[in-house]
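Visitor: Quick one, what's the 3D model for this:
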Amino acid sequence: MVSVHSFRGGTGKSNTTSNVAANLALRGHRVGVIDSDIQSPGIHVLFGFDETLDRTLNEYLWGTRAIGEVAHDITDRVSALAPMESGGSLHLVPSSMKPGDIARVLRDGYDVEALSQGMRQLGRELDLDFLFIDTHPGLNEETLLSITLSDVLLLILRPDRQDYQGTAVTVDVARKLEVPMLFLIANKVPAGLTGLREQLDDAYGAETIAVLPLSEEVVVNASGGLFSLLQPDHPWSQQVRGIADRLHGEARS
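Guide: Residues are numbered from 1 along each chain as shown. Now for the predicted structure:
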């Protein structure tokens, strides 16, 4: 189980999650993605869904559908963009974009323990190698639960003082929760900013496994699809594949 988290919004968390998950599926892994950012969902857009979603995580949390019923098999959407090794698959559990559903979450909440049970059950039902949790920014009950359950925590931050301070808090919490593996990913890094990887490693005592460049092409793509598959030779895409390489290696070991 891999939680992808950032202390603040706007770090490119969903974009990174979707691209890393897709690259692992291309390698022949069975991969699931859950959008647990129920208050402001959006990762489904990167996989080609519009706002008229059916079968969402909300329905599972409210007890009207089983977790397996709200998982969409999107393998074909990925394999149409790049060759996929035998056995690979990708499944997405989106959250609802309906204003009424979001308002209900904000007003009434939901059973956080049900989310925990659903994550475990989905992994078993789909026989997943990786389950990615795209979390809500900041530290709340759902996020802490996801971190607690995780084998790997990927923390995404920008080269920004507020991100630095918030990441320090999150790293401290993750260590208190005894997350087995914690990695940093720097995103939206301007050209010419050198030595950032070493600075982050020293500051947080954790390994920075990718430095994703600030790219006009990625910005122009604007959630228009899986950038790393659409432009595989781009430096941003190469760094994303490096993240997938590392997770692939950790799984094999």
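
Visitor: so residue 73 touches residue 89, yeah?
Guide: Yes: the pair residue 73 / residue 89 is scored as a contact, 6.9 Å apart, by C-beta atoms under 8 Å. (Each C-beta comes from the backbone N, C-alpha and C, glycine too.)

Visitor: Please identify which of those two sits among more neighbours.
Guide: Comparing residue 73 with residue 89 by other C-beta atoms under 10 Å, the one with more neighbours is residue 89, at 21 against 11.

Visitor: can you pull the contacts of the more buried one?
Guide: Counting by C-beta atoms under 8 Å, 6 or more residues apart in numbering, residue 89 touches 25, 30, 31, 73, 75, 126.

Visitor: Could I get the full set of strands for the stretch 101-250 of the chain?
Guide: Shown for the stretch 101-250 of the chain, the strands assigned by DSSP state E, counting those that start in this stretch span residues 130-134, 152-157, 181-189, 207-213.

Visitor: which secondary structure elements does the longest one contact?
Guide: Just to be clear, that refers to strand 181-189. On a contact count with 3 or more C-beta pairs under 8 Å, 6 or more residues apart in numbering; DSSP states H and E, strand 181-189 meets strand 152-157, helix 161-176, helix 196-204, strand 207-213, helix 235-252.

Visitor: Contacts for the third one next, please.
Guide: Just to be clear, that refers to helix 196-204. Contacting residues not belonging to helix 196-204 are listed as 157, 159, 164, 167-168, 171, 184, 186, 189, 206-208, 211 [C-beta under 8 Å, 6+ apart].

Visitor: what about the least confident helix or strand in the chain by mean pLDDT, distance to the chain center?
Guide: Across the helices and strands of the chain, the lowest-confidence element by mean pLDDT, DSSP states H and E is helix 141-149, at a mean of 84. Its chain's C-alpha centre and that of helix 141-149 lie 14 Å apart, by C-alpha atoms, centre = their mean, to the nearest Å.

Visitor: for stretch 161-178, same thing?
Guide: Relative to the centre of its chain, stretch 161-178 is centred 17 Å away, using C-alpha atoms, centre = their mean.

Visitor: Ok, stretch 59-72 next?
Guide: 20 Å.

Visitor: Equivalent analysis for stretch 1-16, please.
Guide: Chain-centre distance of stretch 1-16: 6 Å, with C-alpha atoms, centre = their mean.

Visitor: So what does residue 43 have for phi and psi?
Guide: Phi and psi for residue 43, reported as degrees, to the nearest 10, are phi -60, psi -20.

Visitor: That one: neighbour count?
Guide: Neighbourhood size, residue 43 [other C-beta under 10 Å]: 26.

Visitor: pLDDT value on it, please?
Guide: Note for residue 43: predicted pLDDT of 93.

Visitor: Residue 250 too?
Guide: With respect to pLDDT, residue 250 scores 84.

Visitor: Could you tell me which residues make contact with it?
Guide: 152, 181.
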